[in-house]
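Novice: Build the 3D model from these lines:
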Amino acid sequence: MIALISVLILLLTACGPPSTGNKVNNDVNQNNTPGKNGKVQIHWLQHWVNEQGPDKINKVKAAFEAENPDIELIIDDLPFAQEHDKILSLDLAGTPPDIITTSGAWLTEFAEAGIIDPIDDYVAQLPEDYQNAIEGPMMQPYKGHLYGMPITNGNMALFYNKKLLKDAGVDVPETWDEFLEASIKLTDKSKNQYALTGNLAAEPPTVISYEVFPFILQAGGKILENNRAVFNSPEGVKALNYLKDLIKTEKVTTPGELSAGEKEKRANFSAGNVAFMFEGPWGVAIQKKLNPDLDFGVAPLPKGEQTGTIAQGSVLSLSAKGKNKEASWEFIEFMGSEEGQLLWDQATNFFPYNKETMNNDFFKKDPYLSVFVNEFETFDRVEVIDHYLPNAVDLRKRFTVEIQNFINGKKSAQEALDDAANYWNKAFEENE
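Specialist: As a prediction, this is how the structure comes out:
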């Protein structure tokens, strides 16, 4: 029996998640009273120490604690791939962190499961100018309640290779017609040169935010309305037909469009033989790292019947079982503020959600980031999807599979969109 118990202990230890620089404390919030230093401790579970390094995140920690000397912020870090399941297990054990970093695709799941609390009452007490600054697509209620303060944010724009456009005598396209015409001129298969690199693979299921959804908005359509999928509209059909013209008719996209992932897409653009790519603000740093010598620019997405883009990101949420909610809200309020957002973005190179932060010269005068600000301020439609989808990952995969069916000729555009919409709306109905 002793030997058996020993083996079980060893097996359980081996199955645990790998350790990180800042190991997650499985006993978070067990001590609900101020620590030895007299400060209230709050735990923030996130994944950016691994990605950004502790020095950058600690700058944010130091600034918050300087303004709130009675609170100690403890940063618990896990790789993003482990974060979702760890949150579930900590909540089940009754020892969750005080503050949860909620990816857009997790928001409805965590809200339905009672893992995160509504923050409506807290938001209602914010100054009016603060509330106005955070109005927008990521602050729309889910089932009548707000569940998080946006902390990372990004909309899609057009990345272009300056040299290729100059050599071909092509201006940066501003409309669908101009984009199609420019793409044809910029494609030369004999030189292995293509106009557009993208990815329509089902993994990761985020790809449709880059490659498909913006076209539907630009065609004059919508993705969601009144808690239902409405992309199976004439505008949706028009958008898919335009996309298929690029891929199948004019053949201006890189080979392997339906199987390429984000890594391959970005590598294609950085290689210097692709003219265009649809990407978010995080792509600026990625391209500079992949190829420091690449001369590229960022422009607004081309206009169809209207201008449109997709935005996505993460929010900070209050753990429903957290013990120090007032102190935790102080940190969430700080991170959503103009000051907090600027400090966070300068440290991490992320893009802000707070409109006042967007107006800062750090973004306004940056030749890349200013484009994303301009889209937010001037585009006819900026839509957020993930925060309102039940089981967003599954719905995204199903939509992508239907797009593949259309591109491969297995279904018409209307059939593919109808089948995807029916699948989505069944999930919405079951979630009501």
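Novice: max-length strand in the protein?
Specialist: strand 308-318 (DSSP state E).
Novice: what is the mean pLDDT for it?
Specialist: Average pLDDT, strand 308-318: 93.
Novice: same deal with stretch 186-196?
Specialist: The pLDDT scores in stretch 186-196 average 95.
Novice: The longest strand of the chain - which strands sit beside it in the sheet, and in what orientation?
Specialist: Strand 308-318 pairs in its sheet with strand 99-103 (antiparallel), strand 149-155 (antiparallel), strand 381-384 (parallel), by DSSP bridges.
Novice: With residue 244 as the reference, name the closest of the ones you listed.
Specialist: With Cβ to Cβ, the closest approach to residue 244 among the strands paired with strand 308-318 belongs to strand 381-384: 22.1 Å. All C-beta atoms are positioned from the backbone trio N, CA, C, and that covers glycine.
Novice: Run through who's touching the closest one.
Specialist: Applying Cβ atoms under 8 Å, 6 or more residues apart in numbering, the contact partners of strand 381-384 are 104, 136-138, 140, 155, 213, 217, 222-224, 306-312, 375-376.
Novice: which of those residues are buried?
Specialist: Among the contacts of strand 381-384, those scoring as buried are 104, 136-138, 155, 213, 217, 222-224, 307-312, 375-376 (criterion: 16 or more other Cβ atoms under 10 Å).
Novice: Quick one, grab the pLDDT at residue 51.
Specialist: Here, the pLDDT recorded for residue 51 equals 67.
Novice: no no, residue 16
Specialist: 34.
Novice: repeat for residue 255
Specialist: 90.
Novice: Distance check, it against residue 166.
Specialist: Counting by Cβ to Cβ, to the nearest Å, the gap from residue 255 to residue 166 is 25 Å.
Novice: next one: residue 143
Specialist: Residue 143 is 51 Å from residue 166, by Cβ to Cβ.
Novice: Same question for residue 189.
Specialist: Separation of residue 189 from residue 166 (Cβ to Cβ): 20 Å.
Novice: How about residue 78?
Specialist: Remark: distance between residue 78 and residue 166 (Cβ to Cβ) = 45 Å.
Novice: Give the other helices and strands that the longest helix anywhere in the chain contacts.
Specialist: Longest helix of the chain, by residue count under DSSP state H: helix 413-430. Secondary-structure packing of helix 413-430 (3 or more Cβ pairs under 8 Å, 6 or more residues apart in numbering; DSSP states H and E): strand 228-229, helix 234-244, helix 392-407.
Novice: any residues touching the longest one, and which ones?
Specialist: It stands for helix 392-407. The contact list for helix 392-407 (Cβ under 8 Å, 6+ apart) reads 104-106, 108-109, 200-203, 205-208, 212, 240, 243-244, 247-248, 257-258, 385-386, 389, 411-413, 415-417, 419-420, 423-424, 427.
Novice: Show me which of the residues you listed are buried.
Specialist: Counted by 16+ other Cβ under 10 Å, the contacts of helix 392-407 give 104-106, 108-109, 200-202, 205-208, 212, 240, 243-244, 247, 257-258, 385-386, 389, 411, 413, 416-417, 419-420, 423-424, 427 as buried.
Novice: Which parts of the stretch 51-200 of the chain are helices?
Specialist: Here the stretch 51-200 of the chain has its helices, by DSSP state H, counting those that start in this stretch, at 54-67, 80-93, 107-112, 120-124, 128-133, 162-167, 176-186.
Novice: now, of those helices, which is deepest in the fold?
Specialist: helix 107-112 (a mean of 21; mean count of other Cβ atoms under 10 Å).
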